[in-house]
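K.L.:
what's the 3D shape of this:
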Amino acid sequence: MPTSGIPSLDRNTRVRRVVDVLATEVDGEVVMMDVEKGVYFGLDAIGTDIWKRLETPTTAAALASDLSRHYDAEAATIERDVLALLSGMAEQGLVEIG
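P.N.:
Sure thing, here's the model as predicted:
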């Protein structure tokens, strides 16, 4: 159970990116800024791909399934990594859950 007040995330949880996050793409990677907190976040190429796909609400399972068609890794590994990334993004207020 998360202690930060963020709802738990599982494969059937619907997520989407928060629209008011300042984000820009630099050399194929997304850099985001939380002006209020004074912190920035960077995503590698795969994280950037995920961020772009989160423009439309989706479940973690559907996102992982779609990614497995484009990346050479086991579906279970991709799903685990997607859930970890989405959980971290939720903790930072970068994605909405529900």
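K.L.:
Next, the residues that contact stretch 54-67 from outside, please.
P.N.:
Here stretch 54-67 makes contact (C-beta atoms under 8 Å, 6 or more residues apart in numbering) with 9-17, 46, 49-50, 53, 75, 78-79, 82-83, 86, 95. Every residue, glycine included, has its C-beta placed from N, CA and C.
K.L.:
what is the rounded mean pLDDT of the longest helix along the chain?
P.N.:
Counting residues, the longest helix found in the chain (DSSP state H) is helix 75-91. Averaged over helix 75-91, pLDDT sits at 93.
K.L.:
Drop anything exposed from the contacts of stretch 54-67.
P.N.:
For the contacts of stretch 54-67, a burial check counting by 16 or more other C-beta atoms under 10 Å picks out 9, 13, 15, 17, 46, 49-50, 53, 78-79, 82-83, 86, 95.
K.L.:
for stretch 51-60, how far is the first residue from the last?
P.N.:
Length of stretch 51-60, first residue to last, C-alpha to C-alpha, to the nearest Å: 12 Å.
K.L.:
middle-most residue in this protein, spatially?
P.N.:
Closest to where the C-alpha atoms of the chain average out (C-alpha atoms, centre = their mean) is L86, at 4.0 Å.
K.L.:
circling back to that earlier point, tell me which of the contacts of stretch 54-67 fall in helices.
P.N.:
I46, D49, I50, R53, A75, I78, E79, V82, L83, L86.
K.L.:
Go ahead and confirm the last one touches L9.
P.N.:
So the one you mean is L86. Yes. L86 lies in contact with L9 (C-beta atoms under 8 Å); the separation is 5.7 Å.
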